[in-house]
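>>> I'd like to go over a predicted model; first the sequence, then the structure.
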Amino acid sequence: MISTWIWNALPGPTVVRLLILLIVIAGVVLVLFEYVFPWISEYLAIQETTVEET
């Protein structure tokens, strides 16, 4: 599931490691949704439709 290198690099017992990992994952998801995805959407034509109405 998770790389053993990352798991062994985290300090503390298993419960603390799990909490740290969950906080880091939540932070990464937050940064992706708040900054990365909106920035990328400016360059992608996702909102533009290609089907014409008749």
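Looks like it arrived, so ask away. Numbers count the residues shown, from 1 in each chain.

>>> Show me how far the helix or strand Val28 falls within is from its chain's centre.
Secondary-structure element containing Val28, defined by DSSP states H and E: helix 14-31. Relative to the centre of its chain, helix 14-31 is centred 11 Å away, using CA atoms, centre = their mean, to the nearest Å.

>>> What mean pLDDT does that helix get?
For helix 14-31, mean pLDDT rounds to 95.

>>> list the contacts for Trp7?
17, 21 (CB atoms under 8 Å, 6 or more residues apart in numbering). The way it works is simple: take the backbone N, C-alpha and C, and place the C-beta from them, glycine included.

>>> Distance-wise, check the residue nearest the centre of the chain relative to Trp39.
The chain has Val29 as the residue nearest its centroid, 3.2 Å off, counting by CA atoms, centre = their mean. In this view, Val29 and Trp39 are 16 Å apart by CB to CB, to the nearest Å.

>>> can you check Leu30 too?
When CB to CB is applied, the distance between Leu30 and Trp39 equals 14 Å.

>>> now swap in Val28 and tell me
On the measure of CB to CB, Val28 and Trp39 end up 15 Å apart.

>>> Equivalent analysis for Arg17, please.
When Arg17 is compared with Trp39 (using CB to CB), they lie 32 Å apart.

>>> So which of those two has more stuff around it?
Higher neighbour count among Arg17 and Trp39: Arg17, with 17 against 9, using other CB atoms under 10 Å.

>>> Next, count neighbours for Val15.
The local packing of Val15 (other CB under 10 Å) involves 8 other residues.

>>> Let me see the contact set for Leu10.
When contacts are counted by CB under 8 Å, 6+ apart, Leu10 touches 16-17, 20-21.

>>> let's see 10 Å
2, 16-21, 24 (CB atoms under 10 Å, 6 or more residues apart in numbering).
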